Structures are given as structure tokens and as C-alpha cells.
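Visitor: coordinates only, sequence not included:
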């Protein structure tokens with residue numbers, strides 16, 4: 001299956017948004033508790049996606065160094081040995097730093113709460129981005145297996161894998177015009193792991209939806225979901241640790257309105273998850289409010 005190529009260039013000709021395959025996991029635990037699982041997931045990811053390779057390793061001080069065995073070992077050790085009160089940072093990139101390139105971005109929080117009330121909902125985030133070509137070349141079965149393998153290493157409260165449009169914050173309103181209203185199946189995602197204030201909410205409805213506690217418990221567990229979502233094409237796969245994977249169809253669907261695609265499975269799951277869906281908000285109260293167009297797009301399966 002071929003997916004639409006979505007590109008937005010700003011007035012200076014810089015790429016501000018691009019289609020991509022994205023896997024993203026939210027974990028409401030301190031870095032010291034989850035670092036080993038994150039490292040295992042990243043190592044699995046690097047191995048499974050070959051011949052795609054990461055080239056650059058961000059050292060965390062605004063600089064990037066070539067990614068080799070020694071560089072990775074330093075990053076791995078720093079992430080694992082941060083200790084109590086230490087956060088985690090890991091960022092690997094492909095040949096370029098553009099929004100259409102390979103990216104692993106991990107933001108791990110300290111066990112010590114952040115001092116700003118506006119950041120009380122922040123959680124650790126692991127963000128893994130691949131070019132759309134990877135999905136087309138390997139196929140959805142491979143991507144499904146890869147995402148499930150990564151998720152098994154992570155104590156997530158929620159997560160997803162899907163074909164998305166990744167955009168920088170400043171370009172998001174213009175980028176939205178690429179998918180609204182034609183492609184309701186395309187989530188407008190951040191260009192890196194900056195959406196941290198998710199707490200235990202669920203960031204949208206996707207092809208692959210990973211759901212853990214506490215939301216899964218509030219929905220009556222896997223048995224409760226089976227009763228509420230007895231739909232052909234929707235699969236529920238139990239995972240260890242009171243978690244579940246909800247998959248909508250055999251592959252990511254863009255929901256092309258011009259082809260009459262209505263995405264009934266997405267709409268059904270959105271209705272079930274509605275009380276627990278994440279609502280975009282700025283990281284600090286003094287930041288500009290989220291544009292209304294973005295908030296409406298996030299509710300497209302409900303309104």
C-alpha cells in the first residue's frame with residue numbers, strides 16, 4: 001500500500017512538517033525505574049530496522065557527535081546510571097536533522113517532582129520515528145510485530161504506532177491544512193518528544209493503541225473492552241502487566257474522504273476512550289494557547 005506524501009515548507013523553504021511512521025510511548029514512572037527497558041527497546045529498534053541506521057548522537061548540550069560504539073556506550077551508561085533524582089536524555093538521528101528523518105527521542109524524568117505546577121502532568125516519553133518508506137517496504141505485519149516487541153519492554157500507560165504527520169509547533173496550523181478534512185486517519189504529531197504533559201490520558205486514536213493502567217482498569221479491563229468493542233476488524237491482544245494492544249484493521253488507514261472511507265473502528269474506539277483522551281495544552285500557562293483548529297482536529301472522530 002502506498003501512503004500520501006505530505007510535506008509543508010515554510011516561507012524560507014525549510015521543511016516544517018512531513019509524513020512518517022511513528023511509535024510513541026508514555027510512561028508515568030521515573031527514569032531510574034524504566035531506563036533499562038528504554039535502552040533495551042532502543043537497541044531492539046536499531047537492530048530490527050537495518051539497513052536504516054542512525055548517524056548522530058545528541059550529547060544533550062546542543063551538540064551532536066557521530067554515533068559509533070563508544071558514543072552509544074556513553075549514552076547508554078549515562079541513561080542507566082543517572083540514579084535517584086537523575087533524569088534521562090537520549091536522542092539519535094539519521095543523516096539529517098529534518099522532520100522527515102530517522103529519530104529516537106527519549107525524555108526521562110527524575111523521581112523528584114518538577115518545581116513548576118504547570119508541569120505536574122509530565123511523564124517520560126519514548127518517541128521513535130521512521131520514514132513512511134519503511135512502512136511501505138516492510139509492510140504492516142512487520143511494523144506491527146516491531147511495535148509490539150518494543151512495547152513489551154516498556155511500562156507504558158499508553159502509546160501508539162501509526163502513519164502520522166509530524167510537525168514543528170510553529171508550523172502545526174499550516175501543516176494541518178495538508179490533512180484536514182481529507183485524511184481524518186492522520187494524526188498531527190509533534191516533531192520530537194515534546195508532548196510530555198500527557199499524564200495517564202490517551203493521546204488520540206490510532207492504528208495500534210497500547211493501553212495500560214489506570215485507564216484500562218477504568219474501562220473494565222480487557223473483558224470490558226471486548227464487551228464494548230465487538231467489532232469485525234478490531235483486535236484486542238492482552239499483554240503482561242495488565243496492558244492491552246487494540247489494533248484497528250490490518251494496516252494504518254488515512255481515511256481518504258474522497259474515496260468514501262469513514263473509519264468506523266476509529267470512531268467506535270474514540271467514543272469508548274472519550275473521557276480519557278488527552279487534550280493538547282501548552283507546557284506552561286504563560287505560553288500561547290493551543291489553536292482552536294488543532295483542538296477540533298483532535299476531536300474529529302467525536303464531533
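Guide: Thanks, I have it. Note that the structure is predicted; figures quoted are calculated from it, not measured.

Visitor: now stretch 156-166, how far from the chain's geometric center?
Guide: 3 Å (C-alpha atoms, centre = their mean, to the nearest Å).

Visitor: Flag every buried residue along that stretch.
Guide: Neighbour counts using 16 or more other C-beta atoms under 10 Å place 156-166 of stretch 156-166 among the buried residues. For glycine as for every other residue, the C-beta is placed from the backbone atoms N, C-alpha and C.

Visitor: thought residue 186 was touching residue 164?
Guide: Yes: using C-beta atoms under 8 Å, residue 186 is in contact with residue 164, at 6.3 Å.

Visitor: where do the contact lists of these two overlap?
Guide: residue 19 (C-beta atoms under 8 Å, 6 or more residues apart in numbering).

Visitor: Start and end of stretch 259-270, how far apart?
Guide: Length of stretch 259-270, first residue to last, C-alpha to C-alpha, to the nearest Å: 22 Å.

Visitor: Now the two most distant members of the buried residues of stretch 156-166.
Guide: Across the buried residues of stretch 156-166, the longest distance by C-beta to C-beta is 24.2 Å; it joins 157 and 165.

Visitor: now the helix or strand hosting residue 174, how far from the centre of its chain.
Guide: In the assignment (DSSP states H and E), residue 174 maps to helix 172-176. With C-alpha atoms, centre = their mean as the basis, helix 172-176 stands 18 Å off its chain's centre.

Visitor: And it, what's buried?
Guide: Those buried within helix 172-176 under the rule 16+ other C-beta under 10 Å are 172, 175-176.

Visitor: Find the nearest non-adjacent residue to residue 261, please.
Guide: In space, residue 261 comes closest to residue 255 once its chain neighbours are excluded; the distance is 4.7 Å by C-beta to C-beta, 6 or more residues apart in numbering.

Visitor: if I look at that neighbour, how far off is residue 195?
Guide: Going from residue 255 to residue 195 by C-beta to C-beta, to the nearest Å gives 22 Å.

Visitor: now do residue 146
Guide: 22 Å.

Visitor: cool, and residue 163?
Guide: Residue 163 is 18 Å from residue 195, where distance means C-beta to C-beta.
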